[in-house]
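Trainee: sequence plus predicted model, see below.
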Number of protein chains: 2
Amino acid sequence: MENQNKDNKVNTDKSRNNNLPKVFLHGPLHGPPNFSVTILRPNPSHNFHILNPSSILPLQQFIATNPHHASSIAAIVTINLHPVNADDIRLLPSLRFICTPSAGTNHIDLSECRRRGIQVANAGNIFSADVADMAVALLIDVSRKISAADRWLRRQLHATSWDFPLGSKLTGKKIGIVGMGRIGSEVAKRLEGFNCMISYNSKNKKPLVSYPFYSTVLELATNTNALILCCELNDQTRYIVNKEVMLALGKGGIIVNVGRGGLIDEKELLRCLTEGEIGGAGLDVFENEPHVPKEFFSLDNVVLSPHAAVVTSGSFNGICQLVERNLEAFFSNKPLITPVI
Amino acid sequence: MENQNKDNKVNTDKSRNNNLPKVFLHGPLHGPPNFSVTILRPNPSHNFHILNPSSILPLQQFIATNPHHASSIAAIVTINLHPVNADDIRLLPSLRFICTPSAGTNHIDLSECRRRGIQVANAGNIFSADVADMAVALLIDVSRKISAADRWLRRQLHATSWDFPLGSKLTGKKIGIVGMGRIGSEVAKRLEGFNCMISYNSKNKKPLVSYPFYSTVLELATNTNALILCCELNDQTRYIVNKEVMLALGKGGIIVNVGRGGLIDEKELLRCLTEGEIGGAGLDVFENEPHVPKEFFSLDNVVLSPHAAVVTSGSFNGICQLVERNLEAFFSNKPLITPVI
């Protein structure tokens, strides 16, 4: 009797799942940032069915072995910033929604999504505070040589004196923020507490923002002691920090990147750091993650962070819930919680 | 003729110096914090004469070889927090002024100074912003594992994934400040930008401070996620953070010390960090500097800093000028710039 009940339940669940729209988890399980499989777990209350809850893999690989699913996938959740390009999208005639647990969407071919009428949701504002905290952390760390001093001190087994070089002052410095969106404005709010003088560059001057605006990153760099990159990566912002910008920032200047690696010409940055043409850098992102050019590892004027700005133990649950709520909303024909397009 | 002029000048200088009150630079040249000899250099415009401009050493050692100076020294400038105890003071019958280029004065026997009517000046407010910046830096660094992640990443020569443990959120946390003086209030101002909820403990409730006040550090620890120690070290504050306080702070709790090492029971702290009874610590000061117990060096939940909070390349010139201005004022019978007693 019990067995029969169990069998009935399994059959009912199976038939229910067959009728639900299909969601595919797209990405390598491991990669930067380190979002684990737990970002979306099956739940009987869902109005969708997760096709591959415990085996996250690239879409093309999944379809090659499960071709019958090509026409059934209605939504994709991207994991670890795995790209969704036009070829992926063309594989899925029923695709109507892509949800990314990230603020940035540069890994998704948005033009193709627009052309096909596919909706996209991102992480909205949920990471802004954590990313802003990290941006400020990297800025103080580079200025005041915190990580470098910690590394140095751990080697001083029998120190009789402490002759570590002085850091430079943060309070009162001129800080240029590139990208005055949610994250940029959270960074500005924090740095006001340090009496820093904020100015910014963004695609357009923001009518509600009172900080001085510079229409180019070059002008911003010329007039500030540090640049904090909080903008999106797209065709207009790729290599927005190039050799000219770094030279304008100058020997004492600091660059913090919590956006995307591709915002900076990484080879040129490495050269400027090595030759002392800028003062230092705090980097949470890199051009070719998880690869970090090994030449960075021997530099004391750089702080390296493994794409950790976006996520803390406190924000991870929030992002899991947000992905779930966006999917529930989409499949109930309600407005997305955090729509991109 | 030229030589005779030079001789005359030397004689005039010598006779002028003989008539000026004598200042002694007291301390070991090297030590924590790393204030070099340049803190006070001879200058013909001074209304005092520096006895030992290029050979900073302890007072007792100097007097042993120069006993005739015992009765001529009118002022002491302490270097590298070198102690001025009652025995030192008793050696110098003409001593009337002690100037320390530090905010804290726990290395000076203030009771003996009061008894003898010796005036004391410190660094006043000049370090407050830099120390507050460091306190916030250490707090974010421990919370978000910045130094630990940097160390980890530098070892990932051929990383294929980034599996470093998540940090914990700083924004919105409850922060307890111990010592709501100049530095404490600068720390509070900065942490408001992170939407932190501030409360504090100090000798007395401050009528002009609106943050919640706890009359003991134990209560403060019970009600907060992190303690930041910004208070003086004296008989009342020694080991103000003991085992009971650490257990009250709890497994996720963080301690930041930018005050003095003696504020914390260092052995107990080490045990709590090792056994996970508190979450982490950011330490700029230690009980027996420059010695740091080597057991700290293998811990990833601690950030170590070589007593670097007080000084940056930007504040060093300021402190040199302040020492000079206090001495000039004292020997002109004007009020001290930054009097302690």
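Mentor: Arrived safely, thanks for sending. Numbers count the residues shown, from 1 in each chain, chains lettered A, B, ... in the order given.
Trainee: tell me who's in contact with A:Val292.
Mentor: By CB atoms under 8 Å, 6 or more residues apart in numbering or on different chains, A:Val292 lies in contact with A:Phe286, A:Leu304, B:Leu153, B:Gln156, B:Ala159. The C-beta positions use only the backbone N, C-alpha and C, and glycine is treated the same way.
Trainee: on the pLDDT front, check it for me.
Mentor: Note for A:Val292: predicted pLDDT of 94.
Trainee: again with A:Gly124
Mentor: As predicted, A:Gly124 sits at a pLDDT of 88.
Trainee: tell me how many other residues crowd it.
Mentor: Neighbours of A:Gly124 under the rule other CB atoms under 10 Å in any protein chain shown: 17.
Trainee: so who does it touch?
Mentor: A:Ala103, A:Leu322, A:Ile337, A:Thr338.
Trainee: from chain B, how far off is the second one?
Mentor: Read it as A:Leu322. Computed as CB to the nearest CB, to the nearest Å, the A:Leu322 to chain B distance reads 16 Å.
Trainee: also A:Asn19?
Mentor: As judged by CB to the nearest CB, A:Asn19 and chain B stand 36 Å apart.
Trainee: nearest spatial neighbour of A:Gly176, skipping sequence neighbours?
Mentor: Spatial nearest neighbour of A:Gly176, chain neighbours left out: A:Thr224 (3.6 Å); criterion: CB to CB, 6 or more residues apart in numbering or on different chains.
Trainee: show me what contacts that neighbour?
Mentor: By CB under 8 Å, 6+ apart, the contact list for A:Thr224 reads A:Lys174, A:Ile175, A:Gly176, A:Ser199, A:Leu249, A:Gly253.
Trainee: what's near enough to touch the second one?
Mentor: Listed by CB under 8 Å, 6+ apart, the contact set of A:Ile175 reads A:Leu139, A:Leu191, A:Cys196, A:Met197, A:Ile198, A:Ser199, A:Thr224, A:Asn225, A:Ala226, A:Ile228.
Trainee: so the last one sits in a helix?
Mentor: Which is A:Ile228. No - with DSSP: H, G, I helix; E, B strand; the rest coil as the criterion, A:Ile228 is strand rather than part of a helix.
Trainee: what's the burial count for it?
Mentor: Neighbours of A:Ile228 using other CB under 10 Å come to 30.
Trainee: quick check: closest non-adjacent residue to it.
Mentor: Spatially, and ignoring its direct neighbours in sequence, A:Ile228 is nearest to A:Val256 (4.6 Å; CB to CB, 6+ apart).
Trainee: give me the helices and strands touching the helix or strand where the one you found lies, please.
Mentor: For A:Val256, the enclosing helix or strand under DSSP states H and E is strand A:254-257. Applying 3 or more CB pairs under 8 Å, 6 or more residues apart in numbering or on different chains; DSSP states H and E, one finds that strand A:254-257 contacts helix A:128-144, strand A:226-229, strand A:280-283.
Trainee: just the mean pLDDT for it, thanks.
Mentor: Rounded mean pLDDT across strand A:254-257 is 98.
Trainee: which strands border that strand, and is each parallel or antiparallel?
Mentor: According to DSSP bridges, strand A:254-257 has the following sheet partners: strand A:226-229 (parallel), strand A:280-283 (parallel).
Trainee: deepest of those, which one?
Mentor: Mean neighbour count (mean count of other CB atoms under 10 Å in any protein chain shown) peaks for strand A:226-229 among the strands paired with strand A:254-257, with a mean of 28.
Trainee: re earlier: and the furthest pair within the contacts of A:Gly124?
Mentor: A:Ala103 and A:Ile337 (13.9 Å; CB to CB).
Trainee: list the buried residues of stretch A:119-127.
Mentor: Neighbour-count burial for stretch A:119-127 flags A:Gln119, A:Val120, A:Ala121, A:Asn122, A:Ala123, A:Gly124, A:Ile126, A:Phe127 (criterion: 16 or more other CB atoms under 10 Å in any protein chain shown).
Trainee: related to what we said a few turns ago, please report how far the residue nearest to A:Ile228 lies from A:Ser305.
Mentor: From A:Val256 across to A:Ser305, the span is 10 Å (CB to CB, to the nearest Å).
Trainee: do a quick rundown of the strands in chain A.
Mentor: Remark: strands assigned in chain A by DSSP state E are A:22-26, A:49-50, A:73-78, A:97-99, A:119-121, A:174-178, A:197-201, A:226-229, A:254-257, A:280-283, A:302-304.
Trainee: can you add distance to B:Met180 and give the buried residues of stretch A:119-127 back as TSV?
Mentor: Shown next, in TSV, are the buried residues of stretch A:119-127 (distance: CB to CB, whole Å):
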residue	distance to B:Met180
A:Gln119	51
A:Val120	48
A:Ala121	45
A:Asn122	41
A:Ala123	37
A:Gly124	37
A:Ile126	33
A:Phe127	32
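Trainee: which bits of the stretch 151-300 of chain A sit near chain B?
Mentor: A:151-154, A:156-157, A:159-164, A:166-172, A:189-195, A:289-292, A:294, A:297 (CB under 8 Å from any CB of the partner chain).
Trainee: just the residues you listed: which are in helices?
Mentor: Within those, residues falling in helices by DSSP state H are A:Arg151, A:Trp152, A:Leu153, A:Lys189, A:Arg190, A:Leu191, A:Glu192.
Trainee: pLDDT at the second one, what is it?
Mentor: According to the model's per-residue confidence, A:Trp152 sits at a pLDDT of 95.
Trainee: I'd like the distance between the nearest residue to it once chain neighbours are set aside and A:Ala148.
Mentor: Leaving aside its sequence neighbours, A:Trp152 sits nearest to A:Phe164 (CB to CB, 6+ apart; 5.6 Å). According to CB to CB, A:Phe164 and A:Ala148 sit 8 Å apart.
Trainee: give me the more crowded residue out of these two.
Mentor: A count of neighbours by other CB under 10 Å puts A:Ala148 above the other of A:Phe164 and A:Ala148, at 22 against 19.
Trainee: give me every residue that touches that one.
Mentor: Contacts for A:Ala148 (CB under 8 Å, 6+ apart) come out as A:Asp300, A:Asn301, A:Val303.
Trainee: endpoints of stretch A:80-98, how far apart?
Mentor: This stretch, stretch A:80-98, spans 14 Å end to end (CA to CA, to the nearest Å).
Trainee: mean confidence for that stretch?
Mentor: What stretch A:80-98 shows for mean pLDDT is 94.
Trainee: circling back to that earlier point, wait, doesn't the residue nearest to A:Trp152 sit right on A:Arg154?
Mentor: No - counting by CB atoms under 8 Å, A:Phe164 does not reach A:Arg154; the two are 12.0 Å apart.
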